[in-house]
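Enquirer: Sharing a sequence plus its predicted fold:
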Amino acid sequence: MERKVVYPQKVLPYLLLAPQIAITLVFFFWPAGQAIWMSTLLQDPLGFSVQFVGLENFEAVLKDTAYVATLQRTFLFSFGVTALAMIPALLLAVMVDRVVRGATAYRTVLVVPYAIAPAVAGALWLFLFQPSIGTIAYPLRLLGIDWNPRIDGTDAMIVVVIASAWKQIGYNFLFFLAGLQSIPKSLLEAAAIDGASEVRRFWTIVFPLLSPTTFFLLVINITYAFFDTFGVIHAVTQGGPGKSTEVLIYKAWYDGLIAQDLGRSSAQAVILMIIVIGLTVIQFRYVERRVHY
Amino acid sequence: MTSPVLPALKSSRRDLIPHLVIAIGIAITAFPLWVAFVASTLSNPEIAQAPMPLLPGDRAIDNYGEALMQGGRSGRILTPPVWEMMLNSTVMALTIALGKIVISILSAYAVVFFRFPFRMAFFWMIFITLMLPVEVRIVPTIQVITNLNLMNTYAGLTIPLIASATATLLFRQFFMTIPDELVEAAKIDGAGPLKFFRDMVLPLSVTNIAALFVILFLYGWNQYLWPLLIGTDARMQTIVIGMSKMIDSAGGPTDWNMVMATAMLALLPPVLVVVLMQRWFVKGLVETEK
């Protein structure tokens, strides 16, 4: 789409674009180029000499069992967060769609966690799950469950998954509700007259019509779990105990800045870049433009 | 409406299960916030007695006063007073939100209302930044910041985050819908591009700007990795980073009442912005994800 009527000035548009382009070049393109270039270099441990090694860093990273374990852990984490953030959101949206009054008030409360920083959300849940004092950990102990996210990797994973999902439920709820409200009521009434039960109406009419929304949210939630949960993990578990909550983004940060392994960390950064590009392309090409409020 | 009573009764019974499910959902959503608030009004010994009380104590003023004025402690690390960190967060969030809006509306205006060489190349350059989040270019970006002497400065904390593909795309999309007749009329009246921008485009964009502001304020206030990398000096710490540093990750003693008071103060501004500007927030969410 192009405008037909435009202004003839030749210099002004460049001036208008200058600030954005300057920031983009200095802080995006230059560092991204550096990351790609560094991913092909091997630095000796003392930093005296640098050698071009082509794709060897990538080979080393992908063959590294620790990296593969982190990759699997990231998938598990993302799956947990996505499922736990989307299923309750859909259930709540279906319920709110059915009640006549109070939808706006419910929306207000449910969306509050979305405004909270990931690290803060992590701290709130860590506090609830503190072994000796936590309000949720205490009844768990009474039930005889030996709960300690400081020592047990699975417990730690549960805490970071819950904290990350809790933050995202309100967002999913908003989009599911909008999707539900755009389904023509006449369709559901016709099915009801034909004798379809409520459950059947949901699975044969509502759920298929929601699928564009669901697919869109799937992409958004996976992106969120991959890239926006660094704060939760850094604040709550620091990737531990051991490496049991270390996800890809955390490992890239750790290897680059703490372990100072530039070549391998850059190779990881490039792999992450490829994942972001993939998710962005899917989002823009295959996700249907959605409902309007 | 012949019989208003009967349908109302019927619908209220039908609504029972939904209301119940919603009530549970809201309870789960609000529970961590309530417990955090309660903990922020208790003393540490009161928190340590399991189970912790679930009704507020009487130390709210003491705890918040201490957090705001003196800061918290984790092991031997002292964090700066919370009011200082809130100031840093405020400067960061406002600069990022307003900066993104200003440079994005200008670039969108250039791309939509002018024809010039490399116009689409510039547009794609901005678009591609969507695919290069901070998280995937950590090490080289820090080198750039160090070379420019921007470590531990407000400029370093904010400028690199100000480029915005999302905001540019949103404004571009909106500018496309401005009718050609309007531009034509402005030209006939002798309005140059800057006057047209100031008197027509800007006023028309107000709701889009408000919607973006809410989303971008949250984005700026809730940043984690970037201030962790750039604000290494305690003076430049944001409240979110400061709060997380008060938690002793080694498992040592943590002043939970201080952590929770700080957490409440860290979540209050973005939550207020979302609740008070809810209409624009929802619009912003829907528009920016297109």
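Expert: Perfect, thanks for sending it.
Enquirer: Please make it C-alpha for all contacts and neighbour counts, starting now.
Expert: Fine.
Enquirer: Per-residue pLDDT of residue 68, please?
Expert: Reading this off chain A. At residue A:68, the model reports a pLDDT of 91.
Enquirer: Please refer instead to chain B.
Expert: At residue B:68, the predicted lDDT confidence score is 84.
Enquirer: who does the strand or helix carrying it touch, helix- and strand-wise?
Expert: Taking DSSP states H and E as the definition, one finds residue B:68 inside helix B:60-70. On a contact count with 3 or more Cα pairs under 8 Å, 6 or more residues apart in numbering or on different chains; DSSP states H and E, helix B:60-70 meets helix B:82-113, helix B:256-276.
Enquirer: got the buried residues for the shortest one?
Expert: Residues B:256-267, B:269-271, B:273-275 are the ones in helix B:256-276 that count as buried (16 or more other Cα atoms under 10 Å in any protein chain shown).
Enquirer: likewise stretch A:173-185?
Expert: Burial within stretch A:173-185, assessed by neighbour count using 16+ other Cα under 10 Å, is assigned to A:173-181.
Enquirer: Contact residues of the stretch 51-200 of chain A facing chain B?
Expert: Neighbours of chain B within the stretch 51-200 of chain A, by Cα under 8 Å from any Cα of the partner chain: A:88, A:92, A:95-96, A:98-99, A:106, A:108-110, A:112-113, A:115-120, A:123-125, A:127-128, A:132-135, A:138, A:150, A:166.
Enquirer: Going through these, which ones are buried?
Expert: Judged by neighbour count, with buriedness set by 16+ other Cα under 10 Å, the buried members of those are A:88, A:92, A:95-96, A:98-99, A:106, A:109-110, A:112-113, A:115-120, A:123-125, A:127-128, A:133-135, A:138, A:150, A:166.
Enquirer: what residue ranges in the stretch 1-150 of chain A score low on pLDDT?
Expert: Within the stretch 1-150 of chain A, the segments meeting pLDDT under 70 span A:1, A:45-47, A:100.
Enquirer: what ranges do the strands span in it?
Expert: Per DSSP state E, counting those that start in this stretch, the stretch 1-150 of chain A has strands spanning A:41-43, A:50-52. These are given in chain order.
Enquirer: so how far is residue B:177 from the closest residue in space to residue B:90 that isn't next to it in sequence?
Expert: In space, not counting the residues next to it along the chain, residue B:90 is nearest to residue B:221; the distance is 7.0 Å by Cα to Cα, 6 or more residues apart in numbering or on different chains. Here residue B:221 is placed at a distance of 32 Å from residue B:177 (Cα to Cα, to the nearest Å).
Enquirer: So those two - more neighbours on which side?
Expert: Looking at residue B:221 and residue B:177 with other Cα atoms under 10 Å in any protein chain shown, you find the greater number of neighbours at residue B:221, namely 28 against 9.
Enquirer: before we move on, back to that, buried ones in the helix holding residue B:68?
Expert: Taking 16+ other Cα under 10 Å as the neighbour-count basis, helix B:60-70 is seen to contain the buried residues B:60, B:63-68, B:70.
Enquirer: if we can go back for a sec, who touches the residue nearest to residue B:90 in this structure?
Expert: The contact partners of residue B:221, by Cα atoms under 8 Å, 6 or more residues apart in numbering or on different chains, come to A:117, B:89-90, B:92-93, B:270.
Enquirer: Now tabulate these in a markdown table and tack on distance to residue A:22.
Expert: Below are the contacts of residue B:221 laid out as a markdown table (distance: Cα to Cα, whole Å):
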| residue | distance to residue A:22 |
| --- | --- |
| A:117 | 29 |
| B:89 | 25 |
| B:90 | 25 |
| B:92 | 20 |
| B:93 | 21 |
| B:270 | 29 |
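Enquirer: What helix or strand is the closest residue to chain B within the stretch 151-293 of chain A located in?
Expert: Closest approach of the stretch 151-293 of chain A to chain B (Cα to the nearest Cα) occurs at residue A:269, with a separation of 4.7 Å. With secondary structure defined by DSSP H and E, residue A:269 is part of helix A:262-285.
Enquirer: Adding mean neighbour count, write the strands of the stretch 1-150 of chain A out as CSV.
Expert: As requested, the strands of the stretch 1-150 of chain A are arranged in CSV below (neighbours: other Cα atoms under 10 Å in any protein chain shown):
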stretch, mean neighbour count
strand A:41-43, 19
strand A:50-52, 12
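Enquirer: Could you dump these into TSV with distance to residue B:113 added?
Expert: Rendered in TSV, the data for the strands of the stretch 1-150 of chain A read as follows (distance: least, Cα to Cα, whole Å):
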stretch	distance to residue B:113
strand A:41-43	44
strand A:50-52	46
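Enquirer: State the distance from the residue of the stretch 151-293 of chain A closest to chain B to residue A:275.
Expert: Using Cα to Cα, which is the criterion applied here, residue A:269 is 10 Å from residue A:275.
Enquirer: same thing with residue A:222?
Expert: Relative to residue A:275, residue A:222 is positioned 11 Å away (criterion: Cα to Cα).
Enquirer: Which residue of the two possesses the greater neighbour count?
Expert: For the pair residue A:222 and residue A:275, the greater number of neighbours falls to residue A:222 (19 against 15), based on other Cα under 10 Å.
Enquirer: Many thanks, have a good one.
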